[in-house]
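Participant: Return atomic coordinates for the entry below.
(3 chains)
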Amino acid sequence: MNHAFERALAGLNPRQREAVGLTTGPILVIAGAGSGKTRMLTVRIAWLVEREGVLPSNILAVTFTNKAAREMRERVLQLIPGSGSDVTLSTFHSFCCGLLRRWSAHAGFPDGFTIFDEDDSEKLMKSAITELHLDLKDFAPKKMLSLISQAKNDLVEPADFKPVHLHSDTLIEIYRKYQAKLTENRALDFDDLLMLCWKLLSTHPDLLEKFHKRYTYFLVDEYQDTNHAQYRLLKLFAQNTGNLCVVGDEDQSIYSWRGATIRNIQEFEKDFPGTRLVCLDQNYRSTQRILDAAGALISHNVRTHVKNLWTDTQGGEPLSFNHASDDREEADWVVGQIRAMADRGAGLRNFAVLFRMNSLSRSIEQSLTRFGIPYEVTGGTKFFHRREVKDVLGYLRVIANPHDSVSLARIINTPRRGIGKTLLAKMEAEGPLWESIVEHAKAGTKGKIAQFHDMIAEWRDRSPDESLFALVKSILDKTEYLNYLSDTDPDTAEERRGNIDSLVSDIRYQEEADPELGLRGYLEKVSLQSDVDDLDENTDRVHLLTLHNAKGLEFPVVFMIAMEEGIFPHYSAHAEPSELEEERRLAYVGMTRARERLLLSAARRRMVFGTWKPGIISRFLTEIPRSVFEGTPSTHSAPSNPSIRSENYSTLEAVPVRQTLFEGSTWVQGSRSSRSDRDSVPASMGNIHPGTEVFHPVFLHGKVLATEGESLGDFRLTIFFKKVGKKTLLLQYANLKVIQTKSSGG
DNA sequence: AACTCTGATGTGAGA
DNA sequence: CATCAGAGTT
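Facilitator: Residues are numbered from 1 along each chain as shown, chains lettered A, B, ... in the order given. Okay, here's the model as predicted:
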């Protein structure tokens, strides 16, 4: 008798229980926000194993982010300890990438392929357009990429590409050229991962058969955000057994601009005949008040599977709205609210500030900094996209795959080694960059290019036998990269150095966690990582993130700022009704992240690109009934009524907050003295001992368990990080900060 | 020929 | 506000 499983099963509501038990054939689970779909999915996996004797290794579950996969894996392991780890839990992209590597020989490309991100692809596209003697202004690389991305998402190859465009023939040329260049670079872009995987399975019956022997049960989370390629992949996957369970909510479809099509969920019953339909509409997350507001908003969309979320917890705090005079005042209002609640004992981890675009986080960040409140931005300028990090990764990528000309061009003269633009352009004109480098190196005369070539070649030879950590250290040593940083930009050198340290720490950590990882494995992991994968709800900081990144998360208190026409809904969505509806779904997603309190704000004017722009209240605000807001004005106006604003300000100190927010909070007294980064000092051998609380740029908060070593060179720390668990780090490279507490003299 | 500086430019969301 | 092409400097 598996008690954990039985208990979880008994805890399900009738609908969830039904969705768990319908294991044969296709099933569509319409799961509203906060309806416990992750619980349902994990119990379903456990049910398959415990009740139906399905081998865990026959189960494939696909999620939207690695974070979701990781969390689901943890929960599955709780239900079925041990064998639960044999369940394949992955994102579409990671899973396809794995298949392509395993079967690369059949797919007709080397398994050492590199995954190109948006930046890489753009550089490649630019060179493709230039080589075709076209003008980058007429054929904007980003625009071209998005058209080609669409085509790939629809499984359309250059030969069948029929773009609706004035110069459609040229576009086909561009697609062809771009694809040829990818091949030349031995690289795949994100869309290739899906398209080529589908192509591989649909043209190799032997491989498909192997696949079907391995996997017989399929589960897909966030089905509303799958694209056509993913749908076709699923058709192939489930074509034998038909045991396909998809979970989604069309009201939360927010990625159509990335090729996702709501059609997949709307037509699922037609696509997979015999589908059983289950609807989860009991919400376990938010108050009725929040659900009423969100429900009213989303009812302005045309929907096929209409559901009305309900909850046992009646009432709840009213929503707040603040119409500030400008963005700074708006930010101060947000921070004022946070302070008021934090002073009453709410931990900072409870707060999330959501916004439509990354640039909107600035004013909030400034205000939080002013008050010394720790925060964490998820997304925006990503760690792995920082210049110095990309430089070092560029070396690793070239070592893994020297045909990657984008990385090659990046590092060939970074740090300076006298191979400038002209020489580079000359070599690029001679053919694939690496091949010209080899030619130049062969040509005798041990010049700069030969030196560069030999350096890379040596690392290439060594890399299979050497640890990644040793390799990256060798790169930093030999190129004197850190000196290069201080020489070129002394102002930012320290910060950049810190980022390099974090990268080295990350490499070391990943390598220790998985000794089989290897160079390619690491690079693949980095490429397929998403921003939210790193988000840790348990670090006691205010969370700042875009509405898109907030998908799948929940917070007790949610702020949605910049609720203004042109920003949200975004101006580019105004013309198209379907895009406007997607914006509304995005608002719906944001609102339903809130458990207890939802606070909205807008500004009358806002600094955008250096100029003041007037702000008009978002139509979404007017679609939320007045009755759910606090201090409901007696006048019959929309929330733009100024009385609401003064109301909010006057009640700022007396914000009513439900008691639950403060329960189990570890922050409590800490909030006044604000344990911000400014209260921390760099870790040194002198100030670090067992028990010391530390902060690491990648692994965040941790506590030192033990120290070992006498000299700086081998001073090792064993630290327990809340986020990643126990880790051993070399102090020298860890870039740790010691958090000063009252007892330690801060 | 490489390096440095300047001004123009383009800016949604992200695996 | 970050990137980039092109002019000017070493």
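Participant: mind checking the SS state of residue A:307?
Facilitator: coil (DSSP: H, G, I helix; E, B strand; the rest coil).
Participant: So it sits against residue A:29, correct?
Facilitator: No - between residue A:307 and residue A:29 there is no contact under Cβ atoms under 8 Å: 11.5 Å. Where you see a C-beta, it was placed from the backbone N, CA and C, and this is true even at glycine.
Participant: Tell me which of these two has more neighbours.
Facilitator: In this view residue A:307 and residue A:29 are compared by other Cβ atoms under 10 Å, and residue A:29 has more residues nearby, 29 against 18.
Participant: Surely that one and residue A:19 touch.
Facilitator: Yes - counting by Cβ under 8 Å, residue A:19 is a contact partner of residue A:29 at 4.9 Å.
Participant: mind listing the strands for the stretch 401-550 of chain A?
Facilitator: A:542-546 (DSSP state E, counting those that start in this stretch).
Participant: so what pLDDT did the residue of it found nearest DNA strand C get?
Facilitator: As assessed by Cβ to the nearest atom of the strand, DNA strand C sits closest to residue A:421 within the stretch 401-550 of chain A, at 8.3 Å. pLDDT, residue A:421: 81.
Participant: if I look at it, how far off is residue A:397?
Facilitator: Remark: distance between residue A:421 and residue A:397 (Cβ to Cβ, to the nearest Å) = 21 Å.
Participant: So what's the residue count around the residue of the stretch 401-550 of chain A closest to DNA strand C?
Facilitator: 8.
Participant: Same check on the one 5 residues further on?
Facilitator: Residue A:426 is surrounded by 11 other residues when neighbours are defined as other Cβ under 10 Å.
Participant: give the contact list for it.
Facilitator: Applying Cβ atoms under 8 Å, 6 or more residues apart in numbering to residue A:426 gives no contacts.
Participant: Report the spatially closest residue to residue A:551, excluding sequence-adjacent ones.
Facilitator: Spatially, and ignoring its direct neighbours in sequence, residue A:551 is nearest to residue A:589 (5.7 Å; Cβ to Cβ, 6 or more residues apart in numbering).
Participant: relative to strand A:542-546, how tilted is the helix or strand containing the one you found?
Facilitator: Using DSSP states H and E, residue A:589 sits in helix A:577-591. Comparing the axes of helix A:577-591 and strand A:542-546 via axes from the mean of the first three to the mean of the last three Cα atoms, to 10 degrees yields an angle of 170 degrees.
Participant: Surely residue A:158 and residue A:175 touch.
Facilitator: Yes - assessed by Cβ under 8 Å, residue A:158 is found in contact with residue A:175 at 4.5 Å.
Participant: When those two are compared, which one has more neighbours?
Facilitator: Higher neighbour count among residue A:158 and residue A:175: residue A:175, with 22 against 17, using other Cβ under 10 Å.
Participant: Same question for stretch A:56-72: list its buried residues.
Facilitator: Buried residues in stretch A:56-72, defined by neighbour count with 16 or more other Cβ atoms under 10 Å: A:56, A:58-69, A:71-72.
Participant: now, among those, which is nearest to DNA strand B?
Facilitator: For the buried residues of stretch A:56-72, the nearest to DNA strand B is residue A:65 (5.8 Å; Cβ to the nearest atom of the strand).
Participant: so what pLDDT did that closest one get?
Facilitator: As predicted, residue A:65 sits at a pLDDT of 93.
Participant: Check the gap between it and residue A:529 for me.
Facilitator: For residue A:65, the distance to residue A:529 - Cβ to Cβ - is 9 Å.
Participant: State the mean pLDDT of stretch A:614-626.
Facilitator: On average, stretch A:614-626 scores 92.
Participant: Please read the previous query as pertaining to stretch A:237-257.
Facilitator: 95.
Participant: what's the span of it from first residue to last?
Facilitator: For stretch A:237-257, the first-to-last residue distance is 25 Å (Cα to Cα, to the nearest Å).
Participant: from the chain's centre, how far out does it sit?
Facilitator: When distances are taken as Cα atoms, centre = their mean, to the nearest Å, stretch A:237-257 is centred 20 Å away from the chain's centroid.
Participant: That stretch and DNA strand B in contact?
Facilitator: Yes - residues of stretch A:237-257 are located near DNA strand B by Cβ under 7 Å from any atom of the strand, namely residue A:257.
Participant: ok, and for that stretch, which residues are buried?
Facilitator: A:237-238, A:242-256.
Participant: For the lengthiest strand in chain A, enumerate the helices and strands it packs against.
Facilitator: Identified as the longest strand of chain A according to DSSP state E is strand A:594-608. Applying 3 or more Cβ pairs under 8 Å, 6 or more residues apart in numbering; DSSP states H and E, one finds that strand A:594-608 contacts helix A:288-298, strand A:320-326, helix A:327-343, strand A:555-560, strand A:611-614.
Participant: name the helices or strands packed onto the third one?
Facilitator: Secondary structure elements in contact with helix A:327-343, counted by 3+ Cβ pairs under 8 Å, 6+ apart, are strand A:320-326, strand A:351-355, helix A:361-370, strand A:555-560, strand A:594-608, helix A:670-673.
Participant: Apply 10 Å and report the result again.
Facilitator: For helix A:327-343, the packing partners by 3 or more Cβ pairs under 10 Å, 6 or more residues apart in numbering; DSSP states H and E come out as strand A:320-326, strand A:351-355, helix A:361-370, strand A:542-546, strand A:555-560, strand A:594-608, helix A:642-650, helix A:670-673.
Participant: Now do it: distance to the chain's middle.
Facilitator: Using Cα atoms, centre = their mean, the offset of helix A:327-343 from its chain centre is 27 Å.
Participant: Give the residues shared as contacts by residue A:158 and residue A:175.
Facilitator: Taking Cβ atoms under 10 Å, 6 or more residues apart in numbering as the criterion, residue A:158 and residue A:175 both touch A:148, A:151.
Participant: and residue A:590, what does it touch?
Facilitator: Per Cβ under 10 Å, 6+ apart, neighbours of residue A:590: A:254, A:294, A:297, A:352, A:354-356, A:546-548, A:550-551, A:558-560, A:563, A:568, A:598, A:600, A:620.
Participant: Output the lowest mean pLDDT helix or strand found in chain A.
Facilitator: One helix or strand of chain A scores below all others by mean pLDDT, DSSP states H and E: helix A:670-673, with a mean of 27.
Participant: Return the distance of the nearest residue to residue A:22 once chain neighbours are set aside relative to residue A:15.
Facilitator: Spatially, and ignoring its direct neighbours in sequence, residue A:22 is nearest to residue A:276 (5.0 Å; Cβ to Cβ, 6+ apart). With the distance defined as Cβ to Cβ, residue A:276 ends up 12 Å from residue A:15.
Participant: now do residue A:43
Facilitator: Taken as Cβ to Cβ, the span from residue A:43 to residue A:15 is 13 Å.
Participant: Spatially nearest residue to the residue of the stretch 301-450 of chain A found nearest DNA strand B, not counting backbone neighbours?
Facilitator: At 2.5 Å from DNA strand B, residue A:420 is the closest residue in the stretch 301-450 of chain A, using Cβ to the nearest atom of the strand. The shortest distance from residue A:420 to any non-neighbouring residue, by Cβ to Cβ, 6+ apart, is to residue A:413 (6.4 Å).
Participant: so where is the stretch 301-450 of chain A shaky, pLDDT-wise?
Facilitator: Applying pLDDT under 70 to the stretch 301-450 of chain A flags the ranges A:444-446.
Participant: what does it put close to DNA strand C?
Facilitator: Counting by Cβ under 7 Å from any atom of the strand, the stretch 301-450 of chain A sits next to DNA strand C at A:381, A:387.
Participant: now the stretch 551-700 of chain A
Facilitator: Going by Cβ under 7 Å from any atom of the strand, the residues of the stretch 551-700 of chain A near DNA strand C are A:609, A:610.
Participant: The closest residue to DNA strand C within the stretch 551-700 of chain A - how many residues pack around it?
Facilitator: Across the stretch 551-700 of chain A, the shortest distance to DNA strand C (Cβ to the nearest atom of the strand) belongs to residue A:610, at 5.4 Å. Residue A:610 has 5 neighbours, counted by other Cβ under 10 Å.
Participant: Okay, and residue A:703 sits in which element?
Facilitator: Residue A:703 belongs to strand A:700-708 when elements are defined using DSSP H and E.
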